[in-house]
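Student: can't give you the sequence, but here's the structure:
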Ligand code: NAD
Ligand code: USQ
């Protein structure tokens, strides 16, 4: 096994580096002095074409983004357009020639509603996400390198019920009774409970990680991230042409950014059901900082998969709607829930690991909410109101015109 760069500055491949989290992360890591290479097949931009929905912010083509970054920072970011779920030989060739110290893996289909739209979308999400993750692991082993894999997972792997306890960081302490009646303490992967086909792919990623870590001693950090809000970071704010995506449509827009955008353009704030769902949140500026911290604190060889809960706070959807409404004067609309999810849930989460590594969480403050509202107002003329409603439903019963299981006569 070859020994990689032990200097402070590392060679880092960012898979999915053109996306909402990947782009600001690539800039942040480049700005810190790391050598960054992006791999992205631009599938997210193609999905925009498929859905006829664009980012509210006018994102530039990847070539322009990279050229502008070089102009203003003097730093070059490499780019390869390949599909990591299909193009295994190309992926292996890039890893072998680039010899990355770290591979950050964002390259998956990440929308739960998109993953539930139709059988085609379910199958695409499973094929893309599982093959992407497995190909990366397989290529690291085949390359013979000791690259540290940092993967973006989701809080949704746990499900959102907590049985009165704080969700631990990946592993659950259990006590089992042996055949001789002895009681033994063990730690197991926290039982998974996905709420969509997309979330299910992330639970399956966990098993790939467990296996390759056990069998091949791959060093892996899995970041169980909450819902990301905000749009720009220090680096994407440096030039308008570096602007980050802002998804607001019914499939890719996430709840808090949607609420802020809706209020900014005068559209009613769309709370699903009673808004009793509680979820974990993190600001995009903290996302990039957490990835930096994960890279700076790699697991040792032979150490098990390191799992962090990458979130800073939890909120109930209805409370967020009220907060945004108070801040902006926007009206709230309670709409029927297109998803199959608990009407209400409590959520308590441990995030001690990132705090212990030096994260100073950005929490929801009015100034930052105002900042997102300003961005949304600035680009309100680009909004297509027809794309705002969430129309992807979870079951056939919810889909108009689709036959459902017949009851026996
Ligand atoms: P995104 O869709 O904006 O970015 C993903 C990028 O990966 C896109 O640029 C896409 O083109 C690329 N990609 C997808 N499949 C690929 C493939 N097979 N080969 C090459 N490139 C491919 O998503 P995001 O919001 O930046 O999320 C990034 C990661 O973070 C995802 O894995 C997601 O599950 C996780 N995450 C996101 C959030 C959030 O709120 N956005 C929250 C928790 C976790
Ligand atoms: N919701 C509304 N109104 C809306 C949109 C959403 O009430 O207009 C509700 C949903 O019903 C759900 C909650 O808000 O209860 C969160 O929905 P979301 O779309 O913001 O988040 P989710 O589908 O869970 O997915 C997002 C990212 C995904 C990531 C996940 C982290 O798209 O990539 O994995 O957040 S987590 O939620 O912690 O699992």
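Tutor: Sure, I can see it. These figures come from a predicted structure and were not determined experimentally. Ligands and ions are numbered 1, 2, ... in the order given.
Student: please see if the longest helix that the chain contains touches ligand 1.
Tutor: Taking DSSP state H as the criterion, the chain has its longest helix at helix 119-143. Yes - counting by Cβ under 6 Å from any ligand atom, ligand 1 has neighbours in helix 119-143: 128, 132. For glycine as for every other residue, the C-beta is placed from the backbone atoms N, C-alpha and C.
Student: buried residues in that helix?
Tutor: Neighbour-count burial for helix 119-143 flags 121-122, 124-126, 128-140, 143 (criterion: 16 or more other Cβ atoms under 10 Å).
Student: just the strands in the stretch 101-250 of the chain please.
Tutor: Assigned by DSSP state E, counting those that start in this stretch, the strands in the stretch 101-250 of the chain fall at 102-105, 148-154, 171-177, 183-189, 220-225, 227-229.
Student: returning to what we had before: same for the longest helix of the chain, what does it pack against?
Tutor: helix 88-98, strand 102-105, helix 112-115, strand 148-154, helix 197-216 (3 or more Cβ pairs under 8 Å, 6 or more residues apart in numbering; DSSP states H and E).
Student: start and end of stretch 244-262, how far apart?
Tutor: Its start and end residues considered, stretch 244-262 measures 18 Å (Cα to Cα, to the nearest Å).
Student: could you check how far that stretch is from the centre of its chain?
Tutor: Here the centre of stretch 244-262 is set off from its chain's centre by 14 Å, with Cα atoms, centre = their mean, to the nearest Å.
Student: make residue 1 into 7 and carry on from there
Tutor: Shifting the count to begin at 7 puts that one at stretch 250-268.
Student: near ligand 1 at all, it?
Tutor: Yes - on the criterion Cβ under 6 Å from any ligand atom, stretch 250-268 is in touch with ligand 1 at 251, 260.
Student: who in the stretch 157-306 of the chain is up against ligand 1?
Tutor: Looking at ligand 1, the residues of the stretch 157-306 of the chain close enough under Cβ under 6 Å from any ligand atom are 158, 160, 231, 233, 234, 251, 260.
Student: which one is the first one nearest to, not counting chain neighbours?
Tutor: Here the nearest residue to residue 158 in space, its sequence neighbours aside, is residue 112; by Cβ to Cβ, 6 or more residues apart in numbering that works out to 5.1 Å.
Student: the last one now?
Tutor: In space, not counting the residues next to it along the chain, residue 260 is nearest to residue 233; the distance is 5.0 Å by Cβ to Cβ, 6+ apart.
Student: and the one you found, bridged to which residues?
Tutor: When assigned by DSSP bridges, residue 233 has beta-bridge partners residue 287.
Student: for whatever residue of the chain ends up closest to ligand 2, give me the pLDDT.
Tutor: Evaluated by Cβ to the nearest ligand atom, the chain has residue 162 as its residue closest to ligand 2, separated by 2.7 Å. In the prediction, the pLDDT value recorded for residue 162 is 96.
Student: tell me who's in contact with it.
Tutor: For residue 162, the contacting residues are 118, 200, 201, 202, 205, 208, taking Cβ atoms under 8 Å, 6 or more residues apart in numbering as the criterion.
Student: and what of residue 389?
Tutor: Contacts here follow Cβ under 8 Å, 6+ apart; on that basis residue 389 touches 62, 254, 267, 271.
Student: rerun that using 7 Å as the cut-off
Tutor: With contacts defined as Cβ atoms under 7 Å, 6 or more residues apart in numbering, the neighbours of residue 389 are 62, 254, 271.
Student: picking up where we left off before, does ligand 2 sit close to the longest helix of the chain?
Tutor: No - contact check for helix 125-149 against ligand 2, using Cβ under 6 Å from any ligand atom: none in range, with a minimum separation of 10.8 Å.
Student: next, the angle from that helix to helix 203-222.
Tutor: Using axes from the mean of the first three to the mean of the last three Cα atoms, to 10 degrees, one finds that helix 125-149 and helix 203-222 are set 20 degrees apart in direction.
Student: now what about helix 125-149, what contacts it?
Tutor: By Cβ under 7 Å, 6+ apart, the list of residues contacting helix 125-149 from outside reads 21, 90-91, 94, 97-98, 101-102, 109, 111, 113-115, 120-122, 153, 155, 203-204, 207, 210-211, 214, 218, 222, 224.
Student: chain center to that helix, what's the gap?
Tutor: So, by Cα atoms, centre = their mean, the centroid of helix 125-149 is 16 Å from its chain's centroid.
Student: now stretch 94-102
Tutor: Computed by Cα atoms, centre = their mean, the chain-centroid distance of stretch 94-102 equals 24 Å.
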